[in-house]
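**Q** requesting a structural model of the entry that follows:
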Amino acid sequence: MFRRLLVPVDGSEGSLRAARVAGEIARKFESQVTLLHVVHVTEGMIASAGMAGMIGPDWAESQAAEQAAREILDAAAKAIELPAQRVTQEVLRGHPAATICQAAENGAYDLIVMGSRGLSEVGAFFLGSVSDKVSHHAHCPVMIVR
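**A** Residues are numbered from 1 along each chain as shown. Predicted coordinates:
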């Protein structure tokens with residue numbers, strides 16, 4: 001049923017809980033899992049990179065951003081408790097919700113398992129949350145773990 005799982009992680013305790021739940025699902029259905037970390041790129045960052053809207057290689061390959069992403073993915077890989085051959089790790093850049101939805105569609109994932117930030121109703125109303133946006137726009141089911 002759920003052969004391919006996408007698990008977006010941001011380093012929060014909620015995303016690690018989601019990784020553990022995804023591990024349970026993957027064991028039950030013998031699923032492949034992709035752990036995804038999205039480095040948030042704002043429109044302002046793109047605009048400030050130059051008139052052509054190009055992001056320079058120094059910024060795009062920032063050692064600090066890459067190192068942080070790898071640490072987040074490694075922690076999630078430990079939390080998921082699956083054999084390494086069933087787990088892949090990916091780092092993408094962009095707006096988190098849109099990038100997650102696009103990655104899920106491009107990769108033909110069956111399920112997205114992600115944590116909730118737990119914004120208050122007022123905060124969620126004004127700001128929205130990544131999990132809320134993904135749940136409304138993804139092409140596949142989304143499980144939000146609290």
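**Q** lowest confidence element among the helices and strands of the chain?
**A** Of all the helices and strands that make up the chain, the one with the lowest confidence by mean pLDDT, DSSP states H and E is helix 43-48; it has a mean of 50.
**Q** can you pull out the low-pLDDT segments for the chain?
**A** 42-61, 118-128 (pLDDT under 70).
**Q** now do the helices in this protein.
**A** 13-29, 43-48, 57-60, 63-80, 96-106, 121-127, 130-137 (DSSP state H).
**Q** save these as a markdown table, and put in mean neighbour count and distance to I112 too.
**A** Where you see a C-beta, it was placed from the backbone N, CA and C, and this is true even at glycine. Rendered in a markdown table, the data for the helices of the chain read as follows (neighbours: other C-beta atoms under 10 Å; distance: least, C-beta to C-beta, whole Å):
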| stretch | mean neighbour count | distance to I112 |
| --- | --- | --- |
| helix 13-29 | 19 | 9 |
| helix 43-48 | 10 | 24 |
| helix 57-60 | 11 | 25 |
| helix 63-80 | 16 | 14 |
| helix 96-106 | 19 | 5 |
| helix 121-127 | 10 | 18 |
| helix 130-137 | 19 | 6 |
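**Q** closest one to L36 among these?
**A** The closest approach between L36 and any of the helices of the chain, judged by C-beta to C-beta, belongs to helix 96-106 at 6.0 Å.
**Q** coming back round to it: quick one: the helices of the chain as TSV, columns for distance to Q89 too.
**A** Compiled in TSV, these are given as follows (distance: least, C-beta to C-beta, whole Å):
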stretch	distance to Q89
helix 13-29	11
helix 43-48	23
helix 57-60	18
helix 63-80	4
helix 96-106	13
helix 121-127	28
helix 130-137	19
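**Q** out of these, nearest to V145?
**A** Using C-beta to C-beta, these put helix 13-29 closest to V145, at 4.2 Å.
**Q** contacts for the closest one next, please.
**A** Residues external to helix 13-29 that are found in contact with it (C-beta atoms under 8 Å, 6 or more residues apart in numbering): 1-3, 5, 7-9, 31-33, 35, 72, 75-77, 79-82, 86, 111, 113-118, 143-146.
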